[in-house]
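Undergrad: How does the following fold in three dimensions:
(one chain, ligands or ions: 2)
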Amino acid sequence: MKKVAISIGDLNGIGIQLALENHGKVAKLIDPIYCIDKTMLTQAAKLLNIGIPDNFQTIENVAPSFQIEAGTISKESGRYAYESFNKAVIMADLKKVDAICTLPIHKKSWELAGIQYKGHTDALRDFFDAEAIMMLGCPEMYVALFTEHIPLKEVAPSIKEKELTRFLLDFYKTAKPDRTVAVLGLNPHAGDNGVLGDEEKIISKAIENANAFVSWCGEGTAPYEGPLVPDVAFTPNVRKHYTYYVAMYHDQGLAPLKALHFDEGINVSLNLPILRTSVDHGTAFDIAYKGVKLDSLSYLNAIKYIVDNA
Ligand SMILES: NC(=O)c1ccc[n+]([C@@H]2O[C@H](COP(=O)([O-])OP(=O)(O)OC[C@H]3O[C@@H](n4cnc5c(N)ncnc54)[C@H](O)[C@@H]3O)[C@@H](O)[C@H]2O)c1
Ligand SMILES: N[C@H](C(=O)O)[C@H](O)COP(=O)(O)O
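TA: Numbering: from 1, shown residues only. Ligands and ions are numbered 1, 2, ... in the order given. Okay, the predicted model is just below:
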């Protein structure tokens with residue numbers, strides 16, 4: 001069975017409930033090591049009124065203990081979530097585990113804790129000095145993000161031929177798409193022949209470059225198509241032609257993905273020396289520690305992806 005380090009996410013959120021409630025199912029698929037100290041686990045389990053399974057394997061000295069405050073942004077919780085993630089990454093880097101699965105963190109809590117990263121992907125990029133790619137989805141549809149956690153106003157200037165070509169080659173190499181990949185335009189109507197913007201010229205050139213490199217290597221012909229008009233790219237008819245999409249920015253790709261596949265979708269970090277998967281949802285502070293029945297499909301699918309790919 002694969003050994004997997006599970007970082008516990010923001011303890012003021014729903015991650016720990018997901019971990020405890022699904023441990024029985026998860027332990028049938030993998031050998032999980034939860035990156036949480038016994039004291040914090042006991043506190044959370046008591047608040048949730050959930051028993052701790054006998055074989056719930058934890059680690060010690062993750063970070064200083066703190067008082068859990070359900071649904072609250074806090075620097076203590078942010079620090080704990082980050083250290084939990086850090087421990088999981090180190091275990092994977094040292095090959096103590098085969099992969100990591102991350103439960104959700106809160107970005108503001110990380111910021112309050114003085115953490116310079118916007119999320120896990122960003123931190124992994126720095127840790128491994130590698131151009132990690134954020135891909136979310138499920139077997140029906142995967143979306144890779146060319147830009148991710150940056151303000152919208154910075155998206156257009158970030159679209160550069162060399163960087164996008166590199167991204168497309170990295171994505172081809174690590175996602176190993178088995179169908180043609182759709183690359184979205186940036187502007188309304190993909191610029192409408194330059195009437196509404198011209199970043200599509202750069203996108204077209206990067207697609208041309210990536211396709212030429214791939215076919216020059218004898219790997220196949222033209223894995224990429226585009227730039228597609230973004231507002232029709234996810235209509236039912238167009239989706240019949242594609243499983244993989246490359247979006248130019250976060251909400252361009254994740255709004256349609258989460259509208260269609262929020263429950264079952266997962267997050268995978270590609271182009272790294274380790275495998276990391278995650279749920280596609282956040283900390284859900286609005287329902288944390290309230291006895292609400294959670295949807296566990298994303299978490300279970302994130303574990304299953306590791307079983308199939310680690
Ligand atoms: N993998 C991650 O670490 C990750 C992923 C996405 C968002 N986030 C972060 O989480 C924080 C909160 O984000 P948000 O409020 O925009 O999104 P969210 O996904 O936390 O919540 C959106 C809605 O979905 C519901 N929901 C989410 N997961 C659920 C589940 N498993 N079962 C039932 N209902 C569920 C919530 O109650 C809420 O109504 C932000 O800081 C965000 O950046 C982290
Ligand atoms: N963009 C992701 C999502 O919406 O699910 C999320 O913020 C997680 O990002 P990291 O994988 O960098 O934590």
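
Undergrad: from the protein, which residue is nearest to ligand 1?
TA: Gly282 (2.3 Å; Cβ to the nearest ligand atom). Every C-beta, even on glycine, is put in place using the N, C-alpha and C of the backbone.

Undergrad: For that residue, report the pLDDT, please.
TA: On the pLDDT scale, Gly282 is placed at 98.

Undergrad: Show the contacting residues for it.
TA: Shown in contact with Gly282 (Cβ atoms under 8 Å, 6 or more residues apart in numbering): Gly13, Pro104, His106.

Undergrad: Of these, which is the nearest to ligand 2?
TA: Closest to ligand 2, out of all of those and judged by Cβ to the nearest ligand atom, is Pro104, at 7.5 Å.

Undergrad: Count the residues that sit near the closest one.
TA: Around Pro104 there are 26 other residues, counting by other Cβ atoms under 10 Å.

Undergrad: Name the residues of stretch 115-131 that come out as buried.
TA: Residues Ile115, Tyr117, Gly119, His120, Thr121, Asp122, Ala123, Leu124, Arg125, Phe127, Phe128, Ala130 are the ones in stretch 115-131 that count as buried (16 or more other Cβ atoms under 10 Å).

Undergrad: hmm, back to that, kindly reformat the contacts of Gly282 as TSV and extend each row with secondary structure.
TA: As requested, the contacts of Gly282 are exported to TSV (DSSP: H, G, I helix; E, B strand; the rest coil):
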residue	secondary structure
Gly13	coil
Pro104	coil
His106	coil
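
Undergrad: Need those in a markdown table (columns: pLDDT).
TA: What follows is those, written out as a markdown table (pLDDT from 0 to 100):
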| residue | pLDDT |
| --- | --- |
| Gly13 | 98 |
| Pro104 | 98 |
| His106 | 98 |
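
Undergrad: In three-state terms, how would the residue of the chain closest to ligand 1 be classified?
TA: coil.

Undergrad: Phi first, then psi, for it.
TA: Here is the backbone geometry of Gly282 (degrees, to the nearest 10): phi -100, psi -160.

Undergrad: residues in the protein within reach of ligand 1, list them.
TA: Residues of the chain lying close to ligand 1 (Cβ under 6 Å from any ligand atom) are 14, 102, 104-107, 267, 278-279, 281-284, 286-287, 294-295.

Undergrad: hmm, try it at 8 Å
TA: For the chain, the residues in contact with ligand 1 (Cβ under 8 Å from any ligand atom) are 9-10, 13-14, 18, 102-109, 119-120, 262, 267, 278-287, 292-296, 298-299.

Undergrad: filter the residues you listed to the buried ones?
TA: Using 16+ other Cβ under 10 Å as the threshold, 9-10, 13-14, 18, 102-107, 109, 119-120, 267, 278-281, 283-285, 287, 294-296, 298-299 are the buried ones among these.

Undergrad: Low-confidence regions, the stretch 51-200 of the chain specifically.
TA: Along the stretch 51-200 of the chain, no part satisfies pLDDT under 70.

Undergrad: Near ligand 2, which residues of it? Just list them.
TA: 102, 104-105, 107, 117-124, 134, 136, 145, 148-149.

Undergrad: Repeat the analysis, applying 5 Å as the threshold.
TA: With Cβ under 5 Å from any ligand atom as the criterion, the stretch 51-200 of the chain meets ligand 2 at residues Gly119, His120, Thr121.

Undergrad: what's the nearest residue to the residue lying farthest from the centre of the chain if we skip its chain neighbours?
TA: The centre of the chain is farthest from one residue, Val195, which by Cα atoms, centre = their mean lies 34.6 Å away. In this structure, Val195 finds its nearest non-sequential neighbour in His189, 7.9 Å apart by Cβ to Cβ, 6 or more residues apart in numbering.

Undergrad: Number of residues surrounding the one you found?
TA: Neighbours of His189 under the rule other Cβ under 10 Å: 15.

Undergrad: what about it, distance to Ile73?
TA: Distance of His189 to Ile73, computed by Cβ to Cβ, to the nearest Å: 39 Å.

Undergrad: Report the buried residues of stretch 59-79.
TA: Buried residues in stretch 59-79, counted by 16+ other Cβ under 10 Å: 59, 62-63, 66, 68, 70-79.
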